[in-house]
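[1] what follows is a predicted protein model with its sequence.
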Amino acid sequence: MTDSSEPVGQVSPEEAVIAARAGGLAVVRSDGRGGDVRVNGGERTEIVTIETKSLGDRSYLVTDGEVAAVIDPQRDIDRVLAVAERLGVRITHVFETHVHNDYVTGGLELARVVGADYVLSADEDVEFDRRGVRDGDEVPVGHFSVRAVHTPGHTLHHLSYVISEAGRPLAVFTGGSMLYGTVGRTDLIADDQTEPLTRAQFRSVRRLAAELADDVAVQPTHGFGSFCSSTQASGTDASTIATERTTNVALIVDDEDKFVEQLMSGLTAYPRYYAHMGQRNRRGPAAADLSPPAPVDPVELRRRIHAGDWVVDLRARRAFAHSHLAGTVNVELDDQFVTYLGWTIPWGTPVTLVGDTAEEVAIAQRDLARIGIDRPAGAATGGLRKWGAGGELRSYRTATFADLAEEVGRTGAIVVLDVRRDDEWSAGHLERAVHVPLDQLQDRVSEIPDGDVWVHCASGYRASIASSLLDRTGRRIVLIDDDWTTAQKQPRLSHAEPPPKS
């Protein structure tokens with residue numbers, strides 16, 4: 001496969017905002033003023049990557065300049081349609097590598113809108129019509145072809161798709177199978193299937209490496225921050241079969257039993273909302289409604305807070321700590337927003353969004369639609385002075401780990417709450433800390449001792465959510481907005497080290 005440096009279109013300033021803030025085109029190098037869209041491929045076949053940074057996933061559009069196939073599209077299909085329109089191509093096929101567990105697919109709706117074939121494993125149990133394919137089936141799309149390869153592991157009926165032009169394989173779209181340096185996780189289906197799927201994953205990745213040439217590009221869906229990755233991916237932006245032969249864990253660990261033990265022992269917690277994605281995708285998701293939510297006035301906001309709804313303040317965590325409407329939950333709008341909101345919120349709780357601008361609300365709404373929170377219950381913009389009018393305003397202190405060390409040395413009469421995952425805690429923690437992972441906090445508030453609560457995570461992001469949840473209960477909070485590595489450099493903070501590896 002050769003890289004093409006020829007621009008095939010221009011990105012408007014409005015699209016640049018979408019690309020930068022709503023998870024846009026990976027191949028757009030935008031400075032906010034509009035930049036070139038660059039793609040790569042073979043003689044006629046080109047591949048456009050559509051990146052969803054907020055979920056750590058990628059979708060792809062493959063085209064010969066006339067027709068196109070789309071692989072693993074996200075719920076907000078307007079991004080895909082915009083790419084096709086810009087390139088002047090017609091989408092004739094939509095392929096899914098598997099029934100997804102980390103987002104609600106846009107594949108079925110995209111196929112309906114453009115009149116394309118919707119291609120999925122024939123063995124998947126779904127409630128809608130699709131074009132079923134199995135291992136070895138080949139689907140012609142214009143001047144290129146798509147061959148299905150059964151690669152079980154991430155799911156039982158997972159397929160990878162090999163794109164060929166004139167009989168020469170150019171790329172393999174690996175979904176949750178072969179990722180960059182690692183593989184998709186194998187524990188999303190059922191506990192008793194994890195080991196068999198892990199063994200299948202080992203063999204699937206090795207099959208791809210055995211059957212494909214060194215120069216075939218590897219194009220996974222997961223592995224760019226998604227918790228669907230079994231371990232952290234290599235961090236590279238592109239890869240080939242040749243590269244994976246020397247870097248992928250399933251290819252450098254030769255013994256299957258050792259691979260299974262290593263992978264399964266390293267599987268960590270994943271977002272709770274994953275439990276709802278597979279069944280939603282099997283039913284066939286409807287179109288996402290991204291029209292603006294209904295406006296909510298300050299009186300109604302307070303009523304909703306009193307009723308137990310989540311009124312989510314999208315502002316930066318330090319701004320929230322400085323002043324916020326009592327009872328609101330702070331989930332700062334950035335690339336982590338939807339993962340941790342979906343991980344933390346009791347599923348089905350109504351969500352009302354409050355932000356400084358309508359643009360911020362629209363970005364958050366788009367993210368929420370991707371995980372099946374289809375319509376916010378409402379929204380308020382214009383800043384705290386507007387939506388907080390007439391309500392109780394609260395605040396709490398922000399601090400660093402150096403401040404914590406000083407406070408411990410001065411009084412010691414404080415509670416340190418660590419809201420990181422179990423695996424992070426096991427890798428090392430403060431000796432005096434109380435450990436309650438963020439997703440368990442609302443059910444375990446009673447376990448937190450009396451006193452001022454200093455809350456930390458690994459960066460301050462999860463701690464800010466936890467701090468706002470505890471603030472709702474009336475606790476006195478100090479948010480440690482600091483990186484965990486700085487805690488490890490504080491000699492006055494005692495650390496419990498991880499047990500030695502056997």
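    Sure thing, it's come through.
[2] right, and D187 touches L267 too?
    Yes: under the criterion of Cβ atoms under 8 Å, D187 makes contact with L267 at 5.2 Å. Using the backbone N, CA and C atoms, a C-beta is placed for each residue, glycine as well.
[3] okay, and the common contacts of these two?
    Here D187 and L267 share the contacting residues T194, scored by Cβ atoms under 8 Å, 6 or more residues apart in numbering.
[4] show me the strands in the stretch 201-350 of the chain, by range?
    In the stretch 201-350 of the chain, the segments counted as strands under DSSP state E, counting those that start in this stretch are 217-220, 239-240, 310-313, 324-325, 329-330.
[5] the ones you listed into JSON lines, with extra columns for distance to A250?
    Shown next, in JSON lines, are the strands of the stretch 201-350 of the chain (distance: least, Cβ to Cβ, whole Å):
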{"stretch": "strand 217-220", "distance to A250": "12"}
{"stretch": "strand 239-240", "distance to A250": "14"}
{"stretch": "strand 310-313", "distance to A250": "39"}
{"stretch": "strand 324-325", "distance to A250": "47"}
{"stretch": "strand 329-330", "distance to A250": "40"}
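[6] all helices of the stretch 201-350 of the chain, in order?
    241-247, 249-252, 256-265, 274-283, 298-307, 317-322, 337-344 (DSSP state H, counting those that start in this stretch).
[7] need the strands of the stretch 201-350 of the chain in JSON lines with mean pLDDT, can you?
    Listed next are the strands of the stretch 201-350 of the chain as JSON lines, based on pLDDT from 0 to 100:
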{"stretch": "strand 217-220", "mean pLDDT": "97"}
{"stretch": "strand 239-240", "mean pLDDT": "96"}
{"stretch": "strand 310-313", "mean pLDDT": "98"}
{"stretch": "strand 324-325", "mean pLDDT": "98"}
{"stretch": "strand 329-330", "mean pLDDT": "98"}
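[8] put together a markdown table for those strands, with mean neighbour count and distance to W387 on each row.
    Converted to a markdown table, these look like this (neighbours: other Cβ atoms under 10 Å; distance: least, Cβ to Cβ, whole Å):
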| stretch | mean neighbour count | distance to W387 |
| --- | --- | --- |
| strand 217-220 | 25 | 41 |
| strand 239-240 | 20 | 46 |
| strand 310-313 | 24 | 9 |
| strand 324-325 | 24 | 7 |
| strand 329-330 | 22 | 14 |
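[9] nearest to G167, of those strands?
    Among the strands of the stretch 201-350 of the chain, strand 217-220 comes nearest to G167, with 16.7 Å by Cβ to Cβ.
[10] that closest one pairs with which strands?
    strand 168-175 (parallel), strand 239-240 (antiparallel) (DSSP bridges).
[11] point to the residue nearest the middle of the chain.
    The residue lying closest to the centre of the chain (Cα atoms, centre = their mean) is L55, at 1.8 Å.
[12] wait, what's in contact with that one?
    G23, Q74, D102, Y103, G225, S226, V338, T339, R370, I371.
[13] list the contacts of Q365.
    L290, P293, L353, P376, A379.
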